[in-house]
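**Student:** sequence and predicted structure, then a few things I'm wondering about:
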Amino acid sequence: MRVTVAGVEFSSPVIAASGTFGYGIEFEDIVSLDRIGGFVTKGLSREPMAGNPAPRIIETAAGMMNAIGLQNMGVRAFIAEKLPKLRKITGTVIIANVFGFTIEDCVEVIQALNDAPGVAMYELNASCPNTSHGGMVFGTDPPQLWELVARCKAAARRPLMVKLSPNVTDIGLMARVAADGGADAVSLVNTFVSLAIDVETRRPRIANITGGLSGPAIKPIAVRMVHEVSRNVTIPIVGMGGVVRAEDAVEFMMAGATAVQVGTASYADPRAVENVANGLKRWCVTHQVPHVSSLTGSALL
Ligand SMILES: Cc1cc2nc3c(=O)[nH]c(=O)nc-3n(C[C@H](O)[C@H](O)[C@H](O)COP(=O)(O)O)c2cc1C
């Protein structure tokens, strides 16, 4: 069941997605962490962030909307309080999700993590607004994305995976820009910007007004985007968006992903990531697939 992404070996291609698995340690007694490929931490910023006011999570048809606002303890507290416990867990890969509102912020987070043992790779969240450029989201503007990736790659002493924003017209172009900037891998999709209105009060159902849509509702769009990205870059792709069952993971891999992440499904069932990982193993046995990596890009398209 082994796969390799940017030189990092995973015992399974199934990984827990950022923002849906805490800092990982919270799931230690619920999930057999050595049965999953690894997990991505909550997004880490230079300073602690309180996040957005409630309500910030709602359920939609076949999905979920959130505007958590990237609440987190800050990179220094993560290194001091969480990482020493995480380091004791063996047989799983720890990926640190990094974000910032300026390039310098992102570089600082990466530099702080560089000196901390235990983290195998970085996932750079490109879906944040760049406050030095009028708040335009890094991942929706090719020159800004290129500069962000190039500067972070220069700072990173570990493989850098760039998490693309799906709120763009041409995801293939954005993947090429990330690869050209030096990304070692790309992950996609993050959530889709969305709006839900309570028709009785005529007010938005989320205090932030808009939120990010995730879950099964987005899966076919995410699979299409993974396929497009696979036609545009040669670096590894980690696919996600609505993975709930093993067959969903297989679908992402057939579309071109080397590995997959499971996010929203963990809200319905905290053991979802492990269930998908175990299910994928069984799927490979029943379909006589000796090497799971052979699924990557194997769809007849
Ligand atoms: C509550 C919540 C919080 C999230 N927080 C982050 C985050 O901090 N950083 C990030 O890169 N993605 C974040 N995401 C996006 C997920 O990692 C994932 O890309 C997205 O939800 C699509 O996958 P899914 O449909 O399996 O959830 C968050 C998603 C949810 C639902």
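**Tutor:** Here it is on my side, so go on.
**Student:** following element in sequence after the worst-scoring helix or strand of the chain on mean pLDDT, please.
**Tutor:** The least trusted helix or strand in the chain, going by mean pLDDT, DSSP states H and E, turns out to be strand 129-130, with a mean of 88. Under the assignment DSSP states H and E, the closest C-terminal helix or strand after strand 129-130 is strand 136-137.
**Student:** so how far is that following strand from its chain's centroid?
**Tutor:** Centre-to-centre, strand 136-137 and its host chain are 18 Å apart (CA atoms, centre = their mean, to the nearest Å).
**Student:** now what about it, what contacts it?
**Tutor:** Surrounding strand 136-137, the residues in contact under the criterion CB atoms under 8 Å, 6 or more residues apart in numbering are 126, 127, 128, 129, 130, 144, 165, 167. Heads up, the C-betas are built off the backbone N, CA and C, glycines and all.
**Student:** closest to the ligand among those residues?
**Tutor:** Using CB to the nearest ligand atom, residue 127 is the member of the contacts of strand 136-137 that sits closest to the ligand, with 6.6 Å.
**Student:** let me know whether that closest one touches residue 174 as I believe.
**Tutor:** No - distance between residue 127 and residue 174: 11.1 Å, which falls outside the contact criterion (CB atoms under 8 Å).
**Student:** more neighbours: those two, which one.
**Tutor:** residue 174 (29 against 21; other CB atoms under 10 Å).
**Student:** part of a helix, is that one?
**Tutor:** Yes - with the criterion set as DSSP: H, G, I helix; E, B strand; the rest coil, the secondary structure at residue 174 is a helix.
**Student:** rewinding a little: ok, of the contacts of strand 136-137, which come out buried?
**Tutor:** Neighbour counting by 16 or more other CB atoms under 10 Å classes 126, 127, 128, 130, 144, 165, 167 among these as buried.
**Student:** can you tell me the SS state at the closest residue to the ligand within the chain?
**Tutor:** Minimum separation of the chain from the ligand (CB to the nearest ligand atom) falls at residue 19, amounting to 1.9 Å. Assigned state for residue 19: coil (three-state reduction, three-state DSSP).
**Student:** tell me who's in contact with it.
**Tutor:** Applying CB under 8 Å, 6+ apart to residue 19 gives the contacts 42, 43, 66, 68, 97, 263.
**Student:** which phi and psi does residue 104 have?
**Tutor:** The phi/psi pair for residue 104 (degrees, to the nearest 10) reads phi -60, psi -40.
**Student:** need the per-residue pLDDT for it.
**Tutor:** Residue 104 is assigned a pLDDT of 97 by the prediction.
**Student:** what about the closest residue to residue 171 other than its chain neighbours, neighbour count?
**Tutor:** The spatial neighbour of residue 171 that comes closest, neighbours along the chain excluded (CB to CB, 6 or more residues apart in numbering), is residue 225 at 4.6 Å. Residue 225 is flanked by 25 other residues according to other CB under 10 Å.
**Student:** wait, does the helix or strand containing residue 225 contact the ligand?
**Tutor:** Secondary-structure element containing residue 225, defined by DSSP H and E: helix 219-230. No - on the criterion CB under 6 Å from any ligand atom, helix 219-230 is out of touch with the ligand, staying 7.1 Å away.
**Student:** give me the next element, helix or strand, following that helix.
**Tutor:** strand 237-240.
**Student:** not counting residues beside it along the chain, what's closest to residue 51?
**Tutor:** Closest residue in space to residue 51, ignoring its immediate chain neighbours: residue 71 at 2.9 Å, by CB to CB, 6+ apart.
**Student:** what's the distance between that neighbour and residue 272?
**Tutor:** Taking CB to CB, to the nearest Å as the measure, residue 71 falls 22 Å from residue 272.
**Student:** who has more neighbours out of these two?
**Tutor:** The neighbour comparison of residue 71 against residue 272 (other CB under 10 Å) goes to residue 272, with 23 against 15.
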